[in-house]
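**Student:** kindly generate the corresponding structure for this input.
(one chain, ligands or ions: 1)
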Amino acid sequence: MSLQNPPVNSLSLEFLTDICISVEKLEMDKTCRGLIITSSLPKVFSAGLDIMEMYGKSPERCGEFWRAVQEMWLKLYGSNMVTIAAINGSSPAGGCLMSMTCDYRIMADNPRYSIGLNETQLGIVAPFWFKDTMTNTVGHRTTELSLQLGQMYNPAEALKIGLVDQLVPEDQVSHYSHTNHDQVTTPDRSKSMMRKPTIDKLTSKREADIQNFVSFITKDSIQKSIGMYLEMLKKRKR
Ligand SMILES: CCCCCCCC/C=C\CC(=O)SCCNC(=O)CCNC(=O)[C@H](O)C(C)(C)COP(=O)(O)OP(=O)(O)OC[C@H]1O[C@@H](n2cnc3c(N)ncnc32)[C@H](O)[C@@H]1OP(=O)(O)O
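**Tutor:** Okay, here's the model as predicted:
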């Protein structure tokens with residue numbers, strides 16, 4: 001599955017819906033042995049959630065958006081397929097979350113790229129299931145530090161903390177993803193055994209999580225923080 005939503009593969013409601021439909025189709029296809037997620041765009045795997053979906057939108061629309069974010073996570077984290085993230089560019093926040101849903105992460109060894117949960121930089125606290133996914137990937141202490149600082153990691157740092165499993169030359173990300181994928185035939189029961197408690201936690205609190213998100217994100221103070229962050233993103237370009 002090659003992500004293609006220019007300019008930066010931000011995860012809008014529409015794009016998330018497309019991703020969910022694609023994953024569902026693959027999941028039902030008996031001939032499909034697994035999934036490699038990568039990006040069709042240069043330099044960016046995914047810029048994470050589309051910030052415009054969280055800025056100046058109605059509570060109803062925010063709720064619909066958040067349900068789609070949850071759905072993407074539930075489908076990928078709970079997938080019966082062998083999943084590999086071929087991270088061929090930067091992958092902040094929701095992009096990092098998406099790659100952490102996979103069984104294995106291969107990243108392009110380019111020091112210009114970064115990966116991590118940077119929500120704190122937007123004045124936002126990462127939701128509990130973002131936090132849980134990271135804890136399951138890199139452990140409690142590293143997650144605590146990482147979330148408190150909104151830390152982004154270059155590929156070497158990401159490898160060191162176990163946020164990614166392998167670094168490869170930029171032009172060989174696809175090759176190595178396929179080679180690794182071929183070595184694994186089918187996920188055994190240990191995958192669902194390890195992930196079930198985390199999945200059940202969100203499933204049982206899904207509606208409350210949507211309500212929390214909507215009331216948090218529509219607060220004036222949070223809207224102001226997001227507005228300032230958007231301004232900063234645009235200024236950085238000039
Ligand atoms: C109680 C519970 C409450 C829970 C609330 C929690 C909610 C969840 C919160 C966060 C999850 C997220 O995923 S938020 C998104 C975070 N993402 C980022 O901070 C990434 C920001 N982007 C970048 O760092 C860079 O754009 C990049 C490294 C990804 C790519 O850099 P590049 O130089 O190639 O591109 P530009 O920076 O020039 O960007 C091009 C263009 O795209 C716009 N842009 C970038 N990222 C986003 C985004 N995530 N959403 C929407 N738009 C984005 C950027 O502003 C540029 O736009 P213009 O061309 O119009 O200037």
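
**Student:** C-alpha only now, for contacts and for neighbours.
**Tutor:** Noted.

**Student:** check whether stretch 138-150 comes near the ligand.
**Tutor:** No. Stretch 138-150 is not in contact with the ligand by Cα under 6 Å from any ligand atom; minimum separation 9.9 Å.

**Student:** touching that stretch from outside, list them.
**Tutor:** The contact list for stretch 138-150 (Cα atoms under 8 Å, 6 or more residues apart in numbering) reads 116-121, 126, 131, 134-135, 151-152, 161-163.

**Student:** cool, stretch 27-39 as well?
**Tutor:** The contact list for stretch 27-39, computed with Cα under 8 Å, 6+ apart, reads 1-4, 9, 26, 45-46, 79-89, 177-178, 181, 185-186.

**Student:** for stretch 156-171, same thing?
**Tutor:** For stretch 156-171, the external contacting residues (Cα under 8 Å, 6+ apart) are 88, 100, 104-111, 115, 137-138, 142, 155, 176.

**Student:** now that stretch: mean pLDDT?
**Tutor:** For stretch 156-171, mean pLDDT rounds to 97.

**Student:** now do stretch 101-113
**Tutor:** Average pLDDT, stretch 101-113: 97.

**Student:** what's the answer for stretch 229-238, then?
**Tutor:** For stretch 229-238, the mean confidence score works out to 84.

**Student:** returning to what we had before: which of the contacts of stretch 138-150 fall in strands?
**Tutor:** Counting by DSSP state E, the contacts of stretch 138-150 place residue 116 in strands.

**Student:** stretch 29-47: which residues count as buried?
**Tutor:** For stretch 29-47, the neighbour count (16 or more other Cα atoms under 10 Å) marks 33-41, 43-47 as buried.

**Student:** TSV for these, including pLDDT, secondary structure and distance to the ligand?
**Tutor:** Shown next, in TSV, are these (pLDDT from 0 to 100; DSSP: H, G, I helix; E, B strand; the rest coil; distance: Cα to the nearest ligand atom, whole Å):
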residue	pLDDT	secondary structure	distance to the ligand
33	80	coil	29
34	92	strand	25
35	95	strand	22
36	96	strand	20
37	98	strand	17
38	98	strand	14
39	98	strand	12
40	98	coil	13
41	98	coil	9
43	97	coil	6
44	98	strand	6
45	98	coil	8
46	98	coil	6
47	98	coil	4
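
**Student:** that's all I had, so thanks and see you.
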